[in-house]
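>>> Can you look at this prediction? I've put the sequence above it.
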Amino acid sequence: MPGYDTDLLIVGGGPAGLATAIHARAQGLSVLIAEPRDASIDKACGEGLMPGGLAELAELGVDPVGMPFHGIVYDDGRRRAKARFRAGPGRGVRRTTLHAALAQQAKQSDAEWISVKVTEVRQDPTGVCAAGVRARYLIGADGLHSAARRGAGIAATVGAPRRVGLRRHYRVAPWSEFVEVHWSPWGEAYVTPVEPDLVGVAILSRHRHDLAWFPWLDRRLAGVPHGAERGCGPLRQVVSRRVSGRVLLVGDAAGYEDALTGEGVSLAVKQARAAVAAIVADRPQAYERDWQLITRRYRWLTRGLVLATQPALGRRSLVPACAAVPAVFGRAVDILAG
């Protein structure tokens, strides 16, 4: 491979980057992953894999251990709306467990790693250089605040509303076979079963987070041992484009609406497949259109739900409306599950 150290340099060794590496190796590309962290990477996320996300992972040969869940519950303390997945169960999986499963598969696929943090990206018509490596293409999969994105000169701004996420694990047996979304005037709390004696609670809000916003949940978890808090955000990242020359963006680095609908892993794996296909075809610009198609449903539904629940009236009305028309709520859940 004259003039190149690798076909594909992937910046970021989280789920998006690892899924990209597995897809690329399946297509015969040589792969180098630039990731400075050695251990399994943890971050604040809901940790619920939708049925569609599980199917995407299965195609990669990845089957992470976790706890099944069978649908979604919305609860505002007065009313409840419940919808069961038609496509089979999802799975609550700790972020570190998911990362370890993806990393193992990437290693078995003969992807290679370098322990380095990328801070600069340079490219020319035939290749791209970063961290002392010259590659035919580079994929930025390094998260919301992507250094690869900045290095490629792709503009990104924080969108409104400016929401952040906070996750904590509680050492208690799951009490529901559903992911529960508890609504309050100030934010939402997602409760996801991830182990036989562990649940994850992720709170999304524009305000300083407080479990007391959700009285039933606050009482249920009072005195329960818990782990450290992990935060992320601002969640909405408006990215001007996904492709700049030989640099392509995948996962959160490519743009993010909100964690409200919980499709992050499924979207990242689909984006990884599309990005690799564009690289194999030597048509990187095709990925922009594919990204728009892959994420369109997620962007519309998530943006609509976030905006509809910003006014106090919309937030108060959401759960009663979902409970009043269960067929519509069920259809929306099934769309997100796919």
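Yep, that arrived.
>>> wait, doesn't residue 203 sit right on residue 218?
No. With contacts counted by C-beta atoms under 8 Å, residue 203 stays clear of residue 218, the gap being 11.4 Å. C-beta: built from backbone N, CA, C; applies to glycine.
>>> Quick check: neighbours shared by the two?
residue 211 (C-beta atoms under 8 Å, 6 or more residues apart in numbering).
>>> In terms of neighbours, single out the busier of those two.
Neighbour count, other C-beta atoms under 10 Å: between residue 203 and residue 218, residue 203 has more, with 26 against 14.
>>> Mind giving me the packing neighbours of the helix ranked longest in the chain?
Identified as the longest helix of the chain according to DSSP state H is helix 286-308. Contact partners of helix 286-308 among helices and strands, from 3 or more C-beta pairs under 8 Å, 6 or more residues apart in numbering; DSSP states H and E: helix 264-280, helix 326-337.
>>> hey, which of the ones you listed is tucked in deepest?
helix 264-280 (a mean of 24; mean count of other C-beta atoms under 10 Å).
>>> Which residue ranges of the stretch 51-200 of the chain form strands?
With DSSP state E, counting those that start in this stretch as the criterion, the stretch 51-200 of the chain has strands at 67-69, 71-75, 80-84, 90-92, 112-114, 122-124, 127-130, 133-140, 156-158, 164-170, 179-183, 187-195, 198-205.
>>> re the thing from before, with distance to residue 11 and mean pLDDT as added columns, please give the helices and strands packed on helix 286-308 in a markdown table.
Below are the helices and strands packed on helix 286-308 laid out as a markdown table (distance: least, C-beta to C-beta, whole Å; pLDDT from 0 to 100):
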| stretch | distance to residue 11 | mean pLDDT |
| --- | --- | --- |
| helix 264-280 | 13 | 94 |
| helix 326-337 | 29 | 91 |
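>>> Tabulate those helices in TSV, adding columns for distance to residue 42.
As requested, the helices and strands packed on helix 286-308 are arranged in TSV below (distance: least, C-beta to C-beta, whole Å):
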stretch	distance to residue 42
helix 264-280	14
helix 326-337	24
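>>> between these, which one is nearest to residue 318?
Smallest distance to residue 318 across these (C-beta to C-beta): 10.0 Å, for helix 326-337.
>>> Any stretches of the stretch 201-338 of the chain with poor pLDDT?
Counting by pLDDT under 70, the stretch 201-338 of the chain contains low-confidence residues at 259-262.
>>> List the neighbours of stretch 276-285 that are in contact with it.
7-8, 20, 23-24, 27, 29, 136-137, 243, 245-246, 248, 286-287, 290.
>>> for that stretch, the distance to its chain's centre please.
Centroid separation between stretch 276-285 and its chain, computed with C-alpha atoms, centre = their mean, to the nearest Å, is 23 Å.
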